[in-house]
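Student: With the input below, show me the fold.
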Amino acid sequence: MIISSAADLQTLPKKIISLVPSQTELLHFLWLEEETIGITKFCIYPPEWFGSKSRIGGTKTINLERIQSLQPDLIIANKEENVKEQVELLAENFPVFVTDIYDLGSSLKMIQDIGELTGKQSEAENLKLKINIEFAYLEEAVLKFVERPLRTAYLIWKNPYMTVGGDTFINDMMKRAGFQNIYNTLNRYPEVNLESLKQQNCEVLLLSSEPFSFTQKHVEDLQQKLPGVKIMLVNGEMFSWYGSRLLDAPAYFISLIEQLFTAKE
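Tutor: Numbering: from 1, shown residues only. Coordinates of the predicted model:
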């Protein structure tokens, strides 16, 4: 069944499967080493779980038979990253908690919910407190350095170029870091082209490390086609991973801000 809270579970889960890399990282942060038994092939953090956890396929190619054999008492999925039909099949036999993350607030709520589901309420509350403190530092830095939000596009894919709309978690991170997403009136992950970037008066172009791994070669190629635009390679995990990774994201955003505005002076 699809569960909505800890009240839907009769006991604390002892066999957890995570279908999302950033939420796997959160389970590790909450000291759920023994309870977490299955993760996806894309769950690269923590590295020490590489050989000790069963791999249950990809985020969108779940191995249903493998999960069936593991007999979990909690599966943690995500509305965007997992396939609805696969999640519904799992929910016929196991409790499945589906998160829906679109901004910092919903991410903090997810941390609280998973803490309650797993009996790690105090650890989750402590993590939320630390994240809020780090984002307060980020807010101060934005006020200090950013006179006005820079008109920015964030590319996640090439051939075709794809960006992020205003209803995404990445958009919220961009806004908090002092970037104005020039495509914030669009939804999800629309295709764009270089002519559109010019027409939108793009000032900064952020090239993500994931899911497409942009490189310095792409920066150089685009710089020739978009003179006057500041083009930067950025760590996509900092912009798109929710959970415990949010502890590190604000400091990373501050470093980007300082880099941008130092270069302008």
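
Student: For the rest of this, base every contact and every neighbour count on C-alpha atoms.
Tutor: Fine.

Student: OK, contacts around the closest residue to Phe135 other than its chain neighbours?
Tutor: Excluding its sequence neighbours, the residue lying closest to Phe135 (C-alpha to C-alpha, 6 or more residues apart in numbering) is Pro250, at 5.7 Å. The neighbours of Pro250, taking C-alpha atoms under 8 Å, 6 or more residues apart in numbering as the test, are Glu134, Phe135, Tyr137, Leu138, Ala177.

Student: how about the strands in the stretch 51-200 of the chain?
Tutor: For the stretch 51-200 of the chain, the strands defined by DSSP state E, counting those that start in this stretch cover 54-55, 74-78, 96-99, 150-155, 179-181.

Student: so where do the helices sit in the stretch 151-265 of the chain?
Tutor: For the stretch 151-265 of the chain, the helices defined by DSSP state H, counting those that start in this stretch cover 169-176, 194-199, 216-225, 236-240, 249-264.

Student: Out of those helices, which is closest to Gln68?
Tutor: helix 236-240 (29.7 Å; C-alpha to C-alpha).

Student: which other helices and strands contact the closest one?
Tutor: Contact here means 3 or more C-alpha pairs under 8 Å, 6 or more residues apart in numbering; DSSP states H and E; on that basis helix 236-240 packs against helix 169-176, helix 249-264.

Student: Check the offset of the last one from the chain's centre.
Tutor: By that I understand helix 249-264. Centroid displacement of helix 249-264 relative to its chain, using C-alpha atoms, centre = their mean, to the nearest Å, is 20 Å.

Student: That helix to strand 150-155, inter-axis angle?
Tutor: 120 degrees (axes from the mean of the first three to the mean of the last three C-alpha atoms, to 10 degrees).

Student: Report the angle between helix 249-264 and helix 169-176.
Tutor: Helix 249-264 and helix 169-176 are oriented at 50 degrees to each other (the same axes, to 10 degrees).

Student: Just the pLDDT at the residue nearest to Phe135, thanks.
Tutor: With respect to pLDDT, Pro250 scores 98.

Student: The chain should start at 40 in everything you say after this.
Tutor: Shifting the count to begin at 40 puts that one at Pro289.

Student: any idea how far Lys169 is from it?
Tutor: 11 Å (C-alpha to C-alpha, to the nearest Å).
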